[in-house]
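Trainee: Predicted coordinates and the sequence they were generated for:
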Amino acid sequence: MKKALITGITGQDGSYLTEFLLKKGYEVWGIIRRSSSFHTGRIDHLYQDPHNQPKLHLVYGDLTDGTNLASLMSEIAPDEIYNLGAQSHVRVSFDIPIYTVNTDALGTLRLLEAIRSGKRKVKFYQASSSEMFGKVVETPQNETTPFYPRSPYACAKVYSFWQTINYREAYGLFACNGILFNHESPRRGETFVTRKITRAATRIKLGLQDKLYLGNLDAKRDWGFAADFVEAMWLMLQQDKPDDFVIATGQTHSVKEFLDEVFGYLGLDWKKYVEIDKRYFRPAEVDILQGNADKAAKILGWKPKVTFKEIAKLMTDADMDIAENEKIIKEKGNKK
Ligand code: NAP
Ligand code: G4F
């Protein structure tokens, strides 16, 4: 049985990747951080399933703690490592740049060093990002497009991208970068724009909220579906040779278009509810991202399955369930 170690297992991608690997018959180990409140909500259904119990293990660790990473590496002896852990919010990275770089850049280096000092044969996946293209020099962006990072987060990801290649070339590590464009799902963090919109729109529809405050509505992103994208991570580690791949849908849409889809689906006009709040603008913005995933299609046989419209609809449906429950609880509370 193959063993996979995942950093960031409690996040959106970590939860889908865990599901995917357990279905493939892997033993999965996930590194979680100590928190004062529960934060395993995205993987509880997997952890509590008796069928998975001998195959899913959670251990404490942190990308800022290299000693712990090295001992976990020798204790677990994984065949594949997926480095998904990160301070992943671009806007927040302007507020906490040092912490972001410590986790997203030096954290990757700590993990790579733990692998190198362990002297075991391991395959390594690095969660690189389309944010590295930043102020894009060409559209669409592919594996040869130069980077122009526009945030502390993106600069940290560029550092990790090159360290991953350096460990491949210097030490012969089977190490791959997946340059993933934005990918969303009902498990997306609630402060990212798509989920913020689906949460607010469904709450507005049920009378639980009046307004939605957003920043730059003209930004364009290449939005795919998270469950589709984690398959590409795994495919990269199953090849004969390590390499780097863009994973994207090839379509780009503005925040306004996402608002049209979600509010339109609920029979609402978003212009009546959305207000602009300058706090949500970034000191430097990435105006447009659109990926070309031809290399992944050709070598990995990977293609996205879920469309932009379908993502908007399935996220809205999932958040409507949450909003309906909230409404029931609120009404019960009012009767007491
Ligand atoms: P996410 O939902 O924000 O999850 C981030 C994960 O990293 C969480 O499990 C978090 O743990 C963990 N983490 C944060 N700081 C850590 C630290 N110091 N040590 C160890 N773990 C830490 O992110 P995601 O959307 O799943 O993205 C997964 C990865 O892909 C990230 O590296 C992200 O930068 C990258 N990426 C994402 C996208 C996208 O569109 N989603 C696109 C390109 C690249 P807690 O639960 O304890 O906070
Ligand atoms: O949803 P976002 O915060 O995602 P962003 O910045 O593109 O980053 C995400 O995708 C990256 C891949 O390209 C990942 F590497 C990264 O970890 C993360 O998952 O913002 C999308 C766009 C931005 O242009 C932002 O300015 O939406 C705009 N926006 C407008 N109003 C807003 C808001 N973003 C957020 N988060 N909140 C707003 O109120």
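Mentor: Thanks, I have the structure now. Ligands and ions are numbered 1, 2, ... in the order given.

Trainee: need the strands for the stretch 201-336 of the chain, in chain order.
Mentor: In the stretch 201-336 of the chain, the strands defined using DSSP state E, counting those that start in this stretch lie at 212-214, 220-221, 224-225, 245-247, 253-254, 274-276.

Trainee: before we move on, what about the stretch 51-200 of the chain?
Mentor: For the stretch 51-200 of the chain, the strands defined by DSSP E, counting those that start in this stretch cover 56-60, 80-83, 123-129, 174-180, 183-184.

Trainee: Distance to Lys272 added to these, as CSV?
Mentor: No exception for glycine: its C-beta is placed from N, CA and C like everyone else's. Output for those, formatted as CSV (distance: least, C-beta to C-beta, whole Å):
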stretch, distance to Lys272
strand 56-60, 45
strand 80-83, 43
strand 123-129, 34
strand 174-180, 34
strand 183-184, 24
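
Trainee: Can you get me a residue count around the residue nearest to Ser160 when sequence neighbours are not counted?
Mentor: Of all residues beyond its chain neighbours, the one nearest Ser160 is Thr108 (3.8 Å), with distances taken as C-beta to C-beta, 6 or more residues apart in numbering. Thr108: 27 surrounding residues under other C-beta atoms under 10 Å.

Trainee: what does the one 5 residues further on give?
Mentor: Residue neighbour count, defined by other C-beta under 10 Å, stands at 16 for Glu113.

Trainee: quick one, what contacts it?
Mentor: By C-beta atoms under 8 Å, 6 or more residues apart in numbering, the residues touching Glu113 are 66, 70.

Trainee: go with 10 Å
Mentor: Contact analysis of Glu113 by C-beta atoms under 10 Å, 6 or more residues apart in numbering lists 66, 69-70, 73, 163, 167.

Trainee: Which pLDDT value belongs to it?
Mentor: Model confidence at Glu113, given as pLDDT, is 97.

Trainee: that older thread, if we only consider the contacts of Glu113, which is nearest to Glu324?
Mentor: Leu69 (42.2 Å; C-beta to C-beta).

Trainee: can you tell me how far the closest one sits from ligand 1?
Mentor: 9 Å (C-beta to the nearest ligand atom, to the nearest Å).

Trainee: mind listing what that residue touches?
Mentor: With contacts defined as C-beta under 10 Å, 6+ apart, the neighbours of Leu69 are 5, 7, 31, 61-63, 107, 110-115, 118.

Trainee: In helices, which of these appear?
Mentor: Judged by DSSP state H, the subset of the contacts of Leu69 located in helices is 107, 110-115, 118.
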